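J.: prediction below, plus the sequence it came from.
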Amino acid sequence: MSTELMNIFFDESGQDSDKPTTMGGLLIPHSVYISQEMNALNERLRSKEIKLHWTDYTGDGVLRENIKEAITAFSTIAKYTRMNVINYNRSSLDLRYKLSDDIGSKKQMGRKKKETMNYATLMVYTKIPERIFYGLLRNYGKDVYIKTDIFIEKEGKYEKYNLETRLKENLNTQSLYRAEQFWVKDSKMVTKGQMIGIELVDLILGVIRLIIRRYPVPPGLTDDQYSERQIKGKAKKHQLVIELLKIDPFQQFLRTIKYYEWDSNKELTEISFGDYMDLFMANNFREFQ
């Protein structure tokens, strides 16, 4: 049995007030992640020669070119990768949690909020990533054993719920219980701007959320006209997604994503993300002729 080394990168995008709320994991074989193309991007990222953050993009030319360059480079290795995404809605989960009358289900402020365990949030930030990673690591075949490192962008709420330790323990326990052929060697948090894998998840989730939302953006207006309508940022992101979808390997990669929707019930529902893409492209069909 051969052993293969993998890296998984995790990030989330969206909030309850800015749906859809998504979490995603990107699996890249270690041999691919240390390739010349990825190493070059990593070095430029760490030296701050390039900056990559989807939310920040509202039309800045340098950031636009940085994003396009990163996605173009990723497209050369995309066929060797896997990605799972879950679009979740926790509203009914929070309603059920309130029935418990647990202190964490009550509204908290300031320091008390930071110190109080909210079990609904704990569930979201452990079980959903666990499902994402579990799906990425299994089904490689009986003659392959997968060892992986998990990288998570460092953030306060992840630290509060000890995300990296919980995920490693839960996944390895699952692997043994279900007789799966994978093992999580390490799970760690890293500061933003240090690993291109995490930045790629941020960009891809930004693209996915825009495709799902399909904001109506009138074509052909000037920047001033978009600004007057208070949609300049949306219009710029919209146009950038169209440009990225014209990179054929990247479009094909998006169609291979395992995409699920969860509405606080017992089961995940798998949806064809390609259907969302076809709707988006149909709404902008002249751009793709």
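T.: Structure's in. What do you need? All values reported here derive from a predicted model rather than from experimental measurement. Numbers count the residues shown, from 1 in each chain.
J.: next, give phi and psi for T22.
T.: Dihedral pair for T22: phi -130, psi 150, per degrees, to the nearest 10.
J.: pretty sure it contacts V85?
T.: Yes - if you go by CB atoms under 8 Å, T22 and V85 touch, sitting 5.8 Å apart. In this view, the C-beta of every residue, glycine as well, is placed from N, C-alpha and C.
J.: can you pull the residues that touch both of those two?
T.: L205, I208 (CB atoms under 8 Å, 6 or more residues apart in numbering).
J.: how about stretch 66-81: buried residues?
T.: N66, I67, A70, I71, A73, F74, S75, I77, A78, T81 (16 or more other CB atoms under 10 Å).
J.: wait, stretch 217-235
T.: Quick answer for stretch 217-235 (16+ other CB under 10 Å): V217, Y226, I231, K232, K234, A235.
J.: helix or strand next in line after the helix or strand harbouring L244, which one?
T.: Using DSSP states H and E, L244 sits in helix 232-245. Using DSSP H and E, the helix or strand that follows helix 232-245 towards the C-terminus is helix 248-256.
J.: output the contacting helices and strands for that following helix.
T.: In this structure, helix 248-256 makes packing contacts with helix 61-75, strand 82-88, helix 196-213, helix 232-245, helix 273-283, judged by 3 or more CB pairs under 8 Å, 6 or more residues apart in numbering; DSSP states H and E.
J.: rewinding a little: in TSV, list the buried residues of stretch 217-235 along with distance to T116.
T.: Output for those, formatted as TSV (distance: CB to CB, whole Å):
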residue	distance to T116
V217	41
Y226	43
I231	39
K232	40
K234	36
A235	41
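J.: please identify which of the buried residues of stretch 66-81 is nearest to P249.
T.: Lowest distance from P249 to the buried residues of stretch 66-81 (CB to CB) belongs to S75, with 4.0 Å.
J.: and the gap between the closest one and T21?
T.: For S75, the distance to T21 equals 27 Å [CB to CB, to the nearest Å].
J.: now do G156
T.: In terms of CB to CB, G156 sits 17 Å off from T21.
J.: any idea how far N42 is from Y33?
T.: Taken as CB to CB, the span from Y33 to N42 is 9 Å.
J.: cool, and F9?
T.: From F9 to N42 the distance is 12 Å (CB to CB).
J.: where do the contact lists of these two overlap?
T.: Contacts common to F9 and N42, judged by CB under 8 Å, 6+ apart, are M195.
J.: and the two? Which one has more around it.
T.: Using other CB atoms under 10 Å as the criterion, F9 and N42 rank with F9 on top: 26 against 17.
J.: next, give phi and psi for I28.
T.: According to degrees, to the nearest 10, I28 has phi -130, psi 120.
J.: contacts only, for it.
T.: M6, N7, I8, F9, M38, I77, Y80, T81, G197.
J.: if we use 6 Å, what do you get?
T.: N7, T81 (CB atoms under 6 Å, 6 or more residues apart in numbering).
J.: try M117
T.: Contacts of M117 (CB under 6 Å, 6+ apart): G104.
J.: quick one, which of G156 and T21 is more surrounded?
T.: More neighbours surround T21 than the other of G156 and T21, with 20 against 8 (other CB under 10 Å).
J.: ok now the helix or strand hosting the more buried one, how far from the chain's centre?
T.: According to DSSP H and E, T21 maps onto strand 18-29. The chain centroid and the centroid of strand 18-29 are separated by 2 Å, computed with CA atoms, centre = their mean, to the nearest Å.
J.: perfect, I'm done here.
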